[in-house]
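Q: What follows is a protein structure lacking sequence information:
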């Protein structure tokens, strides 16, 4: 019996000891180590998870801060978002126990933050405290303001100031501004001054709506914004009339600094415009430069030269005390103003050429270029939009007018590519002369207005306008004979023809990336070998699959002015901005250049020449005209575009122009007559 009791007592002792051991073991399992809390802190800081960050702090320190969880999260978010902290990289030392206190550790660490001013690398120290929790012992962080930024104390704030640079100006060759800083009149309403009762307020709103041509609903929406108070100025629109009629109660006027474009529509497609950033702009901003309400180039050079024009933002991040006095500067960077960009453009030529081309609401383009140095003097596209309206804002009626215009005023036509038609015959002539296939006095006998090489062409014929039996090169250029040049190209053969024309600037942008200029083509990529004789013949007179921009057309005629040298067009006075421009290169001999030039002089001087209307100018010019028909199938009537390229014998300019839809208006003769007044007074 005694032995039995001893066994029972021994078993109970063992079970009690085992239970205590299991309890101690389980307690140790639930007891966090300092490293666990430290790693959680680093992870939440790097991911900027401020909700979880709050949970790692001791309740006592949070209570002492006086902040709720919502306020805690908001404080971190406002400061770190204000500094535009994109990434945080934490490097921590090993935690160190506080002497004589095994329940506290200190941790030194650095947190490299990427801000809008670049990287900052503040050094921190935090204190870990062991506390009881539902699952045993845990470690928490004693929160203090210095965990946001090291020098912060209670009551301090972080002040973030962004220093915006001045946007660079775009200037013409003489320093005249094409895009600059200006002021406009902005009208608005002070709600408290509309009237004393609902009746007078309604009458005032109606009068304002009618005078400024703004729907009452638009005004009511503006006045209904949450921030509006009776004595606040609520901006509604812009106006060119600063005087306010006495009967318009509640209206107020103020000036506003904006980007302005002195040439307006005349240079819209070249210069472009700026607008305030949209959500889409911010989404595309991979470098994180822009914020809401920033201005950004949206078209033309304002868009393509955005980085040069905008400059670089500066800023200042500092800690200030409760009185707003600076305690320490965390980071500081001065802003760098945008570059001024000087173009080769002449404002007077740009304005006058635009006025000429825009008359009669024609859609077209004109390029004026100095043929000896390549400077582009005018780049015109019509119709156009008013870039100043794009900055200040369009009314719905104005936007609808642009959107519904069948002539597409937002289309840039001087970079558009067209089938050049008969103006290209000058280049075909140069290729034939170079290959010794064509000579000025070589005569083709051509009967009728149609020709095909043989039956292998099926039902396809090359057609011409003038029925002349015996045609030489000069006649063919003067009367613009399609058949003559089709026959010359077929005789040359595809290899010699391609070699002869390709050197005139095909497959190059001329370094004009800022204009988004596409290279011209003599054929689609699948037909570059011109294996089809029909396509070869059509290409010889600028049809087929050929596409050339007005800029390229102007440049392609420079060899006839410079004794054979192709001059690359340039847009910037500072050539460093256009370093990709191909070097000027002699592509034909002076003899070939003069032969073509003399023939082009006859296009004007001869009474039968297609540009004879220019013969009465006060100076001598050469020219080539052309009409290209666009149609989807043989036999149908297509859109006709009229072309003229002309240059003076003093080598001061070459002018290339195209007008769309000249059907029934005289074809290229319409373009010649349209340009005549401009050329009459240009020199």
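A: Good, I have the coordinates. Since this is a predicted model, take the numbers as computed values, not measurements.

Q: Now name the helix or strand holding the one residue sitting closest to the centre of the chain.
A: By Cα atoms, centre = their mean, the chain has its centre lying nearest to residue 303, at 2.8 Å. Using DSSP states H and E, residue 303 sits in helix 300-304.

Q: which helices and strands does that helix pack with?
A: helix 268-271, strand 273-276 (3 or more Cβ pairs under 8 Å, 6 or more residues apart in numbering; DSSP states H and E). Where you see a C-beta, it was placed from the backbone N, CA and C, and this is true even at glycine.

Q: check contacts around residue 466.
A: By Cβ atoms under 8 Å, 6 or more residues apart in numbering, the contact list for residue 466 reads 479-481.

Q: out of those residues, which is most surrounded?
A: Among these, residue 480 has the most neighbours (other Cβ atoms under 10 Å), with 27 neighbours.

Q: shouldn't it be in contact with residue 610?
A: Yes - using Cβ atoms under 8 Å, residue 480 makes contact with residue 610 at a distance of 5.4 Å.

Q: Now the common contact residues for these two.
A: If you check residue 480 and residue 610 against Cβ under 8 Å, 6+ apart, the residues they both contact are residue 625.

Q: List just the nearest of the contacts of residue 466 to residue 119.
A: For these, the residue nearest residue 119 by Cβ to Cβ is residue 480; the value is 66.5 Å.

Q: Just list the residues touching the closest residue to the closest one other than its chain neighbours, thanks.
A: What sits nearest to residue 480 in space, not counting adjacent residues and going by Cβ to Cβ, 6 or more residues apart in numbering, is residue 422, at 4.4 Å. Contact analysis of residue 422 by Cβ under 8 Å, 6+ apart lists 480, 482, 541-542, 624-628, 643, 668.

Q: For residue 422, give me phi and psi.
A: The phi/psi pair for residue 422 (degrees, to the nearest 10) reads phi -70, psi -10.

Q: How about residue 171, nearest residue that isn't a chain neighbour?
A: Leaving out its chain neighbours, residue 171 is closest to residue 342 (Cβ to Cβ, 6+ apart), at 4.7 Å.

Q: sec struct for the one you found, please.
A: Following DSSP: H, G, I helix; E, B strand; the rest coil, we place residue 342 in the strand state.

Q: So what's the residue count around it?
A: Residue 342: 18 neighbours (other Cβ under 10 Å).

Q: Over to residue 154?
A: 11.

Q: and what of residue 318?
A: That count, for residue 318 with other Cβ under 10 Å as the rule, works out to 18.

Q: Surely it is in contact with residue 326?
A: Yes - with contact defined as Cβ under 8 Å, residue 318 reaches residue 326; the gap is 5.2 Å.

Q: before we move on, back to that, of the helices and strands packed on helix 300-304, flag the one that's most buried.
A: When the helices and strands packed on helix 300-304 are scored by mean count of other Cβ atoms under 10 Å, the highest mean neighbour count falls to helix 268-271 (a mean of 28).

Q: Can you list the neighbours in contact with it?
A: 170, 178-179, 261, 263, 299-302, 345, 350, 379, 381, 384-387, 412-414, 515.

Q: Stretch 554-561 spans what distance, first to last residue?
A: The first residue of stretch 554-561 is 11 Å away from its last residue (Cα to Cα, to the nearest Å).

Q: got the contact list for that stretch?
A: Contacts for stretch 554-561 (Cβ under 8 Å, 6+ apart): 367-369, 371-372, 374, 426-427, 430, 504-505, 510, 548, 565-569, 586-588, 593, 596-597, 600, 622, 624, 645, 647, 651, 654-656.
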